[in-house]
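Peer 1: sequence unknown, structure follows:
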């Protein structure tokens, strides 16, 4: 009897502290996710009182939706470019602001600040920069690169989106790299220096292998944010010009909430979820394997 009372008391304490968080998690994440899966088997426009059961017809339509797969391919290119550039720029910034220069704390704050700006505000801010500031700058100094707004060019609009994303997230990833660089054992670096290793050798043969755990985290975060980006995409280009920058999240939103095809939209979102989950699991597996080998 005493043991049962002790068990109930511990359970009560745990539910008291974790219950609100679990309730919010199920209410905001699990239940909507399960309901979304349920909706993929029905046809619904968001207004009608009836939802006809269509089975796997929505998934069949996803496979035949050329615009969806075009947006997936564009998103893959976007994710590849942003993940590479974000981590390269972030590591360079972190290495620079941990080198002992004066004012490095100020630069840490300055580089991190863009991450605090909301995606919509950031998109509208850079829309002004591309459409007005850079165009005027290009005309004033006869720079053909900025003679016309990048947001009106089908090729350059994509890279404008990449630049804004890198500018937003590089500072956040920099903080993670700073934590990794600070944790590199000083005695290991001193031993490498005594052995005659130069700065480049220490960086590539000592620092980078020890930074693998940090790279696993930053690549995971940049992958996840890249596949799910919507706010910056909407505020900066709205999918234009001529649909050349419609990433997959924007396409799914348009399918469900603009064209009122919730069943197909949910099916596309579910396909996207599995794709992102597979890529993330593969990335974590490869990263952990590299960490063990290192």
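Peer 2: Yep, that arrived. The model shown is predicted, which means the values in this text are computed figures rather than measured ones.

Peer 1: which residues does the residue nearest the centre of the chain contact?
Peer 2: Most central in the chain under CA atoms, centre = their mean is residue 225, positioned 1.3 Å from the mean C-alpha point. Neighbouring residues of residue 225 by CB atoms under 8 Å, 6 or more residues apart in numbering: residue 169. Every residue, glycine included, has its C-beta placed from N, CA and C.

Peer 1: could you say which helix or strand contains it?
Peer 2: helix 212-228 (DSSP states H and E).

Peer 1: buried residues in that helix?
Peer 2: Using 16 or more other CB atoms under 10 Å as the burial criterion, the residues of helix 212-228 that qualify are 212-219, 221-223, 225-228.

Peer 1: List the buried residues in the helix or strand that it is followed by.
Peer 2: Tracing the chain past helix 212-228, the next element assigned as helix or strand by DSSP H and E is helix 231-236. Across helix 231-236, burial judged by 16+ other CB under 10 Å covers 231-236.

Peer 1: In TSV: the residues you listed, plus pLDDT and distance to residue 181.
Peer 2: As requested, the buried residues of helix 231-236 are arranged in TSV below (pLDDT from 0 to 100; distance: CB to CB, whole Å):
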residue	pLDDT	distance to residue 181
231	89	31
232	90	28
233	91	32
234	90	35
235	90	33
236	91	32
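
Peer 1: my read: residue 182 touches residue 98, true?
Peer 2: Yes. With contact defined as CB atoms under 8 Å, residue 182 reaches residue 98; the gap is 6.7 Å.

Peer 1: neighbour count winner among these two?
Peer 2: Per other CB atoms under 10 Å, whichever of residue 182 and residue 98 has more neighbours is residue 98, with 17 against 10.

Peer 1: what separates the spatially closest residue to the more buried one that is not a sequence neighbour from residue 284, distance-wise?
Peer 2: Distances taken as CB to CB, 6 or more residues apart in numbering place residue 181 nearest to residue 98, at 4.9 Å, with adjacent residues excluded. Spatial separation of residue 181 from residue 284 under the definition CB to CB, to the nearest Å is 22 Å.

Peer 1: before we move on, the earlier item: out of the buried residues of helix 231-236, the closest to residue 6 would be?
Peer 2: Proximity of the buried residues of helix 231-236 to residue 6 was ranked by CB to CB; the top entry is residue 231 with 49.3 Å.

Peer 1: which residues touch that closest one?
Peer 2: Contacts were defined as CB under 8 Å, 6+ apart; by that measure residue 231 touches 118-120, 123.

Peer 1: Now, those residues that are in strands?
Peer 2: Secondary structure assignment by DSSP state E places none of these in strands.

Peer 1: What subset of those residues is buried?
Peer 2: Neighbour-count burial within those applies to 119, 123; the criterion is 16+ other CB under 10 Å.

Peer 1: Pick out the most distant pair among the contacts of residue 231.
Peer 2: Farthest apart among these by CB to CB are 118 and 123. That separation is 9.0 Å.

Peer 1: Which residue ranges of the stretch 1-150 of the chain form helices?
Peer 2: Per DSSP state H, counting those that start in this stretch, the stretch 1-150 of the chain carries helices over the ranges 2-25, 31-39, 57-64, 66-97, 104-112, 119-128, 134-140.

Peer 1: how about TSV for these, with distance to residue 174 added?
Peer 2: Supplementary listing: those in TSV, determined by distance: least, CB to CB, whole Å:
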stretch	distance to residue 174
helix 2-25	29
helix 31-39	32
helix 57-64	38
helix 66-97	4
helix 104-112	6
helix 119-128	17
helix 134-140	25
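
Peer 1: Identify whichever of those helices lies nearest to residue 208.
Peer 2: Taking CB to CB as the criterion, residue 208 comes closest to helix 66-97 out of those, the separation being 8.7 Å.

Peer 1: Now do that closest one and helix 104-112, the angle between them.
Peer 2: 170 degrees (axes from the mean of the first three to the mean of the last three CA atoms, to 10 degrees).

Peer 1: Report the buried residues of helix 66-97.
Peer 2: Neighbour-count burial for helix 66-97, counted by 16+ other CB under 10 Å, picks out 68-69, 71-72, 74-76, 78-79, 81-83, 85-87, 89-91, 93-95, 97.
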